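Below is the sequence, then the predicted model.
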Amino acid sequence: MTQTAFLDTSVLVRVITRDIPDLAERSERLIQEIAVGDRTARLSDTVVFETVHVLMTQYDNDRTWIRDSLLPLLGLAGMLLPDKDLYGEVFDRWIRERSLSFADSYHLSLAKHLGITEIISFDRKLNREPAVRLIEP
């Protein structure tokens with residue numbers, strides 16, 4: 001196995017959209033190496049957020065398509081992402097609660113996951129999770 005490298009948004013976007021054939025093919029080979037355990041890749045939450053943003057704004061994809069395209073990649077054992085098990089709930093919330101941004105969906109899911117029962121905000125849309133109470137400063 002090779003050393004873990006940081007995986008950038010551009011690779012995920014190329015493998016999902018396949019819009020640039022040469023880069024898509026190279027990205028797919030890398031993902032296959034990760035899938036079979038020959039390689040590991042470290043991601044950050046910002047990579048996930050940027051990928052969602054790019055797929056929505058630059059490629060005009062809907063929320064369900066983005067979830068169905070991205071979540072299996074994040075789920076690969078060789079994709080190292082803290083709290084990656086949280087993303088199933090984040091995507092489900094984001095699809096179900098159309099007025100929530102991806103970030104708001106993440107914040108509510110993370111607060112619930114961490115056992116935090118209050119979220120401090122002026123954003124009343126965040127009052128959607130029974131386990132997390134919205135309070136204003």
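Everything's here; your move.

element containing the nearest residue to Val15 once chain neighbours are set aside, please.
Spatially, and ignoring its direct neighbours in sequence, Val15 is nearest to Ser27 (4.0 Å; Cβ to Cβ, 6 or more residues apart in numbering). Where C-beta positions appear, they are placed from N, C-alpha and C, glycine not excepted. Secondary-structure assignment from DSSP states H and E places Ser27 in helix 21-35.

which residues touch that helix?
Among residues not part of helix 21-35, those counted as contacts by Cβ atoms under 8 Å, 6 or more residues apart in numbering are 10-12, 14-15, 17-18, 39-41, 73, 76, 78-79.

And stretch 111-125, by the same measure?
Contacts made with stretch 111-125 from outside it, assessed by Cβ under 8 Å, 6+ apart, are listed as 83, 86, 89, 97, 99-100, 104, 107-108, 126, 129, 131-137.
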